[in-house]
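**Q** Sequence and computational prediction follow.
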Amino acid sequence: MSLLDELDLASIADERVRRALLLLLNLVEELKRENAELRAENQRLRDEINRLKGEQGTPTIKGNTPKPPLSGTYSSEKERRTPREWAKGPKNALIQVDREQILDVDRTILPPDAQFKGHEDVVVQDIVVRTDNVLFHKETFYSPAEHQSYLAPLPAGYDGQFGPGIKALTIVLAFGANVSEPKIVELYRNVGVVISAGQVSNFLIKDQEVFHAEKAAVHQAGLASGPWQHLDETSTRVNGQNRFCQVTCNPLYTSYHTTDAKDRQTILDVLRNGRPREYLLNAEADRLLAGVLSGVAQKQVRTLPREERLDEATMLQVLDERASRLGPQQRKWVLDAAAVAAYHAEVGFPVVKLLICDDAPQFTWLTEELALCWVHEARHYNKLLPCYPPFQKLLADFLDPFWDYYDALLAYREHPIPTERDRLWAKFDEVFVPTTGYFALDDRIAKTRDKKAALLLVLAHPEIPLHNNPAELGARQRVRKRDVSFGPRTAEGSKAWDTFMTLTATTKKLGVSFYAYVHDRLTTTHQIPGLDCLIAAQAATLDLGPSWNTS
């Protein structure tokens, strides 16, 4: 690399030689990138073969690398903020006092003239972990006339051999603290609880209809709380099979949905809260299909029922009968377009107007507007690893104005002035100019330019974030749960994962104790309002911008 370090293309007088060297250097960069990708893919295949043979793949051991300096290379919005000095704040007002105790001074150490001046209060936090086993003496009456016995019922939540405290704690440990089931069993046995691993598993997945119903209500209330939503997807496993977890959220809730696929109709299923699929061929569907179907295919589509909502079975039947010559991809486009058109024509159900997500193709068509994540876009540039020093400098020189522009967008969100909006729209074309000479960088810049409207949707909607970090953080929670527990083994377990991960994330956003909430529902006291009601109440009070007005 020493020769490349010394190479200065600008010093070469012959233009043809300079251009030839530039092409060769870009070719070297491209071959180096492809070689690294092939090596990584080859190693992944070797590891998978070893695992299929019952062996282990190559362990991932990360080196001790120093943390990068605080700069625009950070890919997280939180990490890029200026760090604040830590300061310990008062917390006594947040602490609930459970009991009080007066502490006396040993009178033998007091001098004769000591005078009593009252008490000095000190709040000390502690927790007691012990069993609370109850022997209930249930009254029994018998009526000879009716030949019937009358038995006093157990208190609410005490059905079976365990009370609501241990049931609630099990759910909180598993989903709120992400503790594995074997460790929960170990903790209980250390405390003195006689319990089996199967019983702990039953606490988590059996007879949870009340929580499943509230999770569905939370998701619908979250969708109705405003016209924009975050959306992200991560992999998950059910009984060892690859599945997908869709994460939707906004500042008031987070909802998880395990799905078999991640195509456009699956995302629609999530946005429609799992209701049966419906299809509608209308002017909007025609507009969507005009960009993807040939004229011949569009003629076949025109033979299908118009302006009529069809269920999935009927839609598939009419496609088979009237448009049988459509290819598999054309058929999929027709189904997608008709499903989207039916969704947008919904009445009495919240329809999301704007999605904040990445640029995956399944997210297109779904909403009227699509806002892309700037942090996700920056990651594409961070993946560029040029070996030629001048190319490294070109990348570094580009990232500085990239993050300066990002900071200007953040400032605009705080003070959305029309003149600044126009300036930033024009400034985009000045920053993202694909003329650096480093082909990989120029290609990346050109792709960013193609996304201008979606990246700059914040100029029209300053209330929306510039990034999709909330959904990505939600997806990270599923990844951490997956790392600890690998994955559920049944559809019932998968549903429990979605439900309780939704409820723990949403209670946190609403400022509700997850343990208190679960215990409240298990004892049927209902002192804590429905989470969907809390979402609706907070949505009515939050100042989230003019586009949240859905009237």
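**A** Yep, it's here. Residues are numbered from 1 along each chain as shown.
**Q** List every C-alpha atom in stretch 409-417, with coordinates, as PDB.
**A** Extracted in PDB, the C-alpha atoms of stretch 409-417 (Å, rounded to 0.1, in the frame of the first residue of the first chain):
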ATOM      1  CA  LEU A 409     -32.800  19.000   9.500                       C
ATOM      2  CA  LEU A 410     -32.900  18.400  13.300                       C
ATOM      3  CA  ALA A 411     -32.900  22.200  13.900                       C
ATOM      4  CA  TYR A 412     -35.600  22.600  11.300                       C
ATOM      5  CA  ARG A 413     -37.800  20.200  13.300                       C
ATOM      6  CA  GLU A 414     -37.500  22.400  16.300                       C
ATOM      7  CA  HIS A 415     -38.300  25.600  14.300                       C
ATOM      8  CA  PRO A 416     -40.000  24.700  11.000                       C
ATOM      9  CA  ILE A 417     -39.800  28.000   9.000                       C
END
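**Q** Now it: buried residues?
**A** The neighbour-count check on stretch 409-417 (16 or more other CB atoms under 10 Å) flags 409-410, 412-413, 416 as buried. The C-beta positions use only the backbone N, C-alpha and C, and glycine is treated the same way.
**Q** and it, what's its mean pLDDT?
**A** Mean per-residue pLDDT for stretch 409-417: 94.
**Q** and it, how far from the chain's centre?
**A** 25 Å (CA atoms, centre = their mean, to the nearest Å).
**Q** try stretch 473-482
**A** 8 Å.
**Q** Give me the buried positions along it.
**A** 473-475, 477-478, 481-482.
**Q** Repeat that for stretch 222-235.
**A** Going by neighbour count (16+ other CB under 10 Å), the buried part of stretch 222-235 is 222-234.
**Q** what do you get for stretch 265-283?
**A** Here stretch 265-283 shows 265-273, 277-282 as buried, counting by 16+ other CB under 10 Å.
**Q** List just the nearest of the buried residues of stretch 222-235 to Gln392.
**A** Among the buried residues of stretch 222-235, Asp232 lies closest to Gln392 (CB to CB), at 31.2 Å.
**Q** re earlier: restricted to helices, list the buried residues of stretch 409-417.
**A** 409-410, 412-413 (DSSP state H).
**Q** Please identify which of the buried residues of stretch 265-283 is nearest to His212.
**A** Using CB to CB, those come closest to His212 at Asn273, 12.3 Å.
**Q** The closest one against Ala221, yeah?
**A** No. With contact defined as CB atoms under 8 Å, Asn273 does not count as touching Ala221 (10.1 Å).
**Q** looking at this, Asp237 is in a helix?
**A** Just to correct that, residue 237 is Arg rather than Asp. No. Per DSSP: H, G, I helix; E, B strand; the rest coil, Arg237 lies outside any helix segment and is strand.
**Q** hmm, back to that, save the buried residues of stretch 473-482 as a markdown table, and put in distance to Leu52 and secondary structure too.
**A** Output for the buried residues of stretch 473-482, formatted as a markdown table (distance: CB to CB, whole Å; DSSP: H, G, I helix; E, B strand; the rest coil):
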| residue | distance to Leu52 | secondary structure |
| --- | --- | --- |
| Leu473 | 34 | helix |
| Gly474 | 32 | helix |
| Ala475 | 28 | helix |
| Gln477 | 30 | helix |
| Arg478 | 25 | helix |
| Lys481 | 26 | helix |
| Arg482 | 20 | helix |
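**Q** how about the residues you listed in TSV, adding pLDDT and distance to Pro111?
**A** Formatted as TSV, the buried residues of stretch 473-482 follow (pLDDT from 0 to 100; distance: CB to CB, whole Å):
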residue	pLDDT	distance to Pro111
Leu473	94	60
Gly474	95	63
Ala475	94	66
Gln477	94	60
Arg478	94	65
Lys481	93	62
Arg482	89	66
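**Q** which of those sit farthest apart?
**A** The widest separation within the buried residues of stretch 473-482 (CB to CB) is 15.0 Å, between Leu473 and Arg482.
**Q** Kindly provide the distance from the residue of the chain positioned farthest from its centre to Gly160.
**A** Farthest-out residue of the chain from its mean C-alpha position, per CA atoms, centre = their mean: Pro112, at 67.8 Å. The gap separating Pro112 from Gly160 is 64 Å, by CB to CB, to the nearest Å.
**Q** quick check: domain ranges of this structure?
**A** Domain assignment for the chain, taken from automatic domain parsing, gives 2-52, 276-348.
**Q** Let's test this: name the helix or strand in this structure with the lowest mean pLDDT.
**A** The weakest-scoring helix or strand in the chain, judged by mean pLDDT, DSSP states H and E, is helix 77-80 (a mean of 47).
**Q** ok, then the element right after that one?
**A** Moving toward the C-terminus from helix 77-80, the next helix or strand (DSSP states H and E) is strand 140-143.
**Q** so what strands line up beside that next one?
**A** Strand 140-143 sits in its sheet next to strand 148-151 (antiparallel), going by DSSP bridges.
**Q** right, and the helix or strand after the strand it pairs with?
**A** Heading C-terminal from strand 148-151 (DSSP H and E), you reach helix 164-171.
**Q** I'd like the next helix or strand past that next one.
**A** Immediately after helix 164-171, counting by DSSP H and E, sits helix 181-191.
**Q** quick one: that following helix to helix 164-171, angle?
**A** 140 degrees (axes from the mean of the first three to the mean of the last three CA atoms, to 10 degrees).
**Q** Check which residues of helix 181-191 are buried.
**A** 181, 184-185, 188.
**Q** Over to stretch 515-535?
**A** 515, 517-523, 528, 531-532, 534-535.
**Q** Just give me the closest of those to Leu372.
**A** Ile535 (26.2 Å).
**Q** Now the closest one. Nearest residue, chain neighbours left out?
**A** Sequence neighbours aside, Ala221 is the residue nearest to Ile535 in space, at 4.2 Å (criterion: CB to CB, 6 or more residues apart in numbering).
**Q** how about that neighbour, what does it touch?
**A** 253, 531-533, 535-536 (CB atoms under 8 Å, 6 or more residues apart in numbering).
**Q** Which parts of the chain are strands?
**A** Assigned by DSSP state E, the strands in the chain fall at 140-143, 148-151, 228-238, 241-250, 253-259, 278-279, 310-311, 354-357, 369-372.
**Q** mind checking which of these is nearest Asp498?
**A** strand 253-259 (4.5 Å).
**Q** Pull up the per-residue confidence for Asn250.
**A** 95.
**Q** what about it, distance to Pro465?
**A** 10 Å.
**Q** do the same with Ala408
**A** 15 Å.
**Q** quick one on the thing from earlier: save the buried residues of stretch 515-535 as TSV, and put in distance to Ser494 and pLDDT too.
**A** Output for the buried residues of stretch 515-535, formatted as TSV (distance: CB to CB, whole Å; pLDDT from 0 to 100):
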residue	distance to Ser494	pLDDT
Tyr515	23	95
Tyr517	22	97
Val518	19	96
His519	25	95
Asp520	25	95
Arg521	21	95
Leu522	22	94
Thr523	27	93
Ile528	26	95
Leu531	21	97
Asp532	22	96
Leu534	26	96
Ile535	24	96
